[in-house]
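>>> Need the 3D shape of this:
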Amino acid sequence: MLVIFDCDGVLVDSEELAAQIFSETLQEVGLNLTAEECFTLFKGHTLPACLNKITQELKFDLPDDFKDLLDLRTREGFSKNLQAVKGVQSLLQFLQQHNVNFCVASNGGKQKIDHSLAITGLDAYFSQRFSAEDVGQGKPSPELFLYAAEVVGVPPEFCFVIEDSPTGFAAAQAAGMKLLRYLPLETFSEQDRVFTRMQQIQEFFEREIKSV
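Alright, predicted model coming up:
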């Protein structure tokens, strides 16, 4: 068994924070998008895909150094305010205690993943970290998840993916893996493997391990 965690919104509570930082940085260069608009447009996508949306769909020319500026603002904002998702550390400890393989596979860059895990104290849990930078295409392509499974040495049909975005959902399903949707803002739970709290996911794996 292999459990593959997305990073943003699953391991670290970064989605709304990242959208706010993206909005503020865009305003610095003259494009007025609210944090809510950034959240809707960019959630779950690679940074190159986000920048392409801005230039192609919104027809706005970003300055050449925008990526560097956004990286700087994100690093500053995360360093001050980023928190681990509630309950995820307990889940990771549970998986460790039961010798279950797990890793992180994110559309984010390697430096961002490393920084997010270090700030929140989750870095010690993850010796296996995979980024869209490791493959030709990020999510919604299944390539990243299939690559992670190959490196760890677990067939796709024995992999569980914990995701919170449509791009991640599509990638997991295309990879032939078991998808666990983590949607903390939903009002229902455990319907078609939809979970609103990490404790519910831990209980799910408790049942899975007992059934093996």
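
>>> Which helix runs longest in this protein?
Longest helix in the chain, counting residues (DSSP state H): helix 66-81.

>>> who touches that helix?
14, 17-18, 20-22, 24-25, 28-29, 47, 51, 63, 111-112, 115-116, 119 (C-beta atoms under 8 Å, 6 or more residues apart in numbering). From N, CA and C alone the C-beta is placed, and that goes for glycine too.

>>> Just the buried residues of these.
Those of these that meet the buried threshold are 14, 17-18, 20-22, 25, 47, 51, 112, 115-116, 119, by 16 or more other C-beta atoms under 10 Å.

>>> Report the residue spans of this structure with pLDDT below the cut-off.
Applying pLDDT under 70 to the chain flags residues 187-191, 212.

>>> okay, now the domains of it?
2-13+83-211, 15-81 (automatic domain parsing).

>>> how far does the first one stretch from start to finish?
So the one you mean is domain 2-13+83-211. Domain 2-13+83-211 has its terminal residues 16 Å apart, counting by C-alpha to C-alpha, to the nearest Å.

>>> which other helices and strands contact the next helix or strand after the longest helix of the chain?
Of the helices and strands lying after helix 66-81 in sequence (DSSP states H and E), the nearest is helix 88-97. If contacts are counted by 3 or more C-beta pairs under 8 Å, 6 or more residues apart in numbering; DSSP states H and E, helix 88-97 sits against helix 198-211.

>>> hmm, who's touching the helix it packs on?
1, 3, 85-88, 90-91, 94-95, 98, 100, 160, 162, 180, 182, 189-190, 193, 195.

>>> Same question for stretch 110-121.
Counting by C-beta under 8 Å, 6+ apart, 7-8, 11-12, 14, 71, 74-75, 78-79, 82-84, 89, 104, 106, 108, 122-123, 125-126, 129, 131, 133 sit against stretch 110-121.

>>> just stretch 131-147 next, same as before
4, 44-46, 49, 105-110, 113, 130, 156, 159, 161, 165-168, 170-172, 174-177.

>>> List the buried residues in it.
Under 16+ other C-beta under 10 Å, the buried positions of stretch 131-147 are 131-133, 135, 138-147.

>>> again with stretch 42-55
Of the residues in stretch 42-55, those buried (16+ other C-beta under 10 Å) are 42-47, 49-51, 54.

>>> Endpoint to endpoint, it covers what distance?
13 Å.

>>> Wasn't residue 21 part of a strand?
No. Residue 21 is assigned helix when assessed by DSSP: H, G, I helix; E, B strand; the rest coil, not a strand.

>>> Report the spatially closest residue to it, excluding sequence-adjacent ones.
Once flanking residues are discounted, residue 21 sits nearest to residue 77: 4.5 Å by C-beta to C-beta, 6 or more residues apart in numbering.

>>> ok, now how distant is that neighbour from residue 24?
9 Å (C-beta to C-beta, to the nearest Å).

>>> Off-centre distance for stretch 107-123?
Offset of stretch 107-123 from its chain centre (C-alpha atoms, centre = their mean, to the nearest Å): 10 Å.

>>> one step back: export the buried ones among the contacts of helix 66-81 to TSV and tack on distance to residue 200 and secondary structure?
Listed next are the buried ones among the contacts of helix 66-81 as TSV, based on distance: C-beta to C-beta, whole Å; DSSP: H, G, I helix; E, B strand; the rest coil:
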residue	distance to residue 200	secondary structure
14	21	coil
17	24	helix
18	24	helix
20	28	helix
21	29	helix
22	30	helix
25	35	helix
47	31	helix
51	35	helix
112	27	helix
115	28	helix
116	23	helix
119	25	helix
